[in-house]
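**Student:** coordinates only, no sequence provided:
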């Protein structure tokens, strides 16, 4: 529902992809302006139901002056020659981050599975995957936002992510002309 849309989002590029990911920003109200890393990307404000798309190649902050829905698309294998298939994921607004998640990969068919994590930089060193701290050096700062992001490989199966601070997750995987992804 539009009541769950947000004004602030963080994103990390999908692992193994070399050409970036396609993002769509969908407006819930008239006169919506969208920025990526502080630069307004909508040449004219979006009206209710209108969207703007662009490819983003680096970890980024997406903001809007009105609530928006953000989707991240994995481009097809022919886009950058990387083994994959298109899929779409909703990007969780930072206001809805949680301090724990249980996620899972498919039981078979995907040799490459990952979780992208976005967390307040001050909370790095407290985020755990299956009880083991994720090394802070796996995270890279997202500009000067105070947030950092990591791409962490996952083994097949169910996993628990916990932290002392709320953080965001996206789980995804690739196979030859196949792919999946979802927000934690």
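**Tutor:** That came in fine, so what should we check first? Fair warning: this is a prediction, and the values are worked out from it, not measured in the lab. Numbers count the residues shown, from 1 in each chain.
**Student:** lowest-pLDDT helix or strand in the protein?
**Tutor:** When the helices and strands of the chain are compared on mean pLDDT, DSSP states H and E, helix 77-80 comes out lowest with a mean of 70.
**Student:** next structured bit after the longest strand seen in the chain?
**Tutor:** As assigned by DSSP state E, the longest strand anywhere in the chain is strand 158-175. Going down the chain from strand 158-175, the next helix or strand is strand 178-183, by DSSP states H and E.
**Student:** helices and strands around that next one, which ones?
**Tutor:** Packing partners of strand 178-183 (3 or more CB pairs under 8 Å, 6 or more residues apart in numbering; DSSP states H and E): strand 60-74, strand 87-90, strand 158-175. Glycine gets a C-beta too; all of them are placed from N, C-alpha and C.
**Student:** ok, the longest one: who's next to it in the sheet?
**Tutor:** By that I understand strand 158-175. Next to strand 158-175 in the sheet, as set by DSSP bridges, lie strand 98-104 (antiparallel), strand 112-120 (antiparallel), strand 128-129 (antiparallel), strand 178-183 (antiparallel).
**Student:** next: the shortest one.
**Tutor:** Strands that pair with strand 87-90, judged by DSSP bridges, come out as strand 60-74 (antiparallel).
**Student:** mind listing what's buried in the strand it pairs with?
**Tutor:** Residues of strand 60-74 classed as buried by neighbour count (16 or more other CB atoms under 10 Å): 60-64, 66-70, 72-74.
**Student:** which of these sits closest to residue 182?
**Tutor:** Proximity of the buried residues of strand 60-74 to residue 182 (CB to CB) peaks at residue 72, which lies at 10.7 Å.
**Student:** any idea how far that closest one is from residue 124?
**Tutor:** Distance from residue 72 to residue 124, counting by CB to CB, to the nearest Å: 22 Å.
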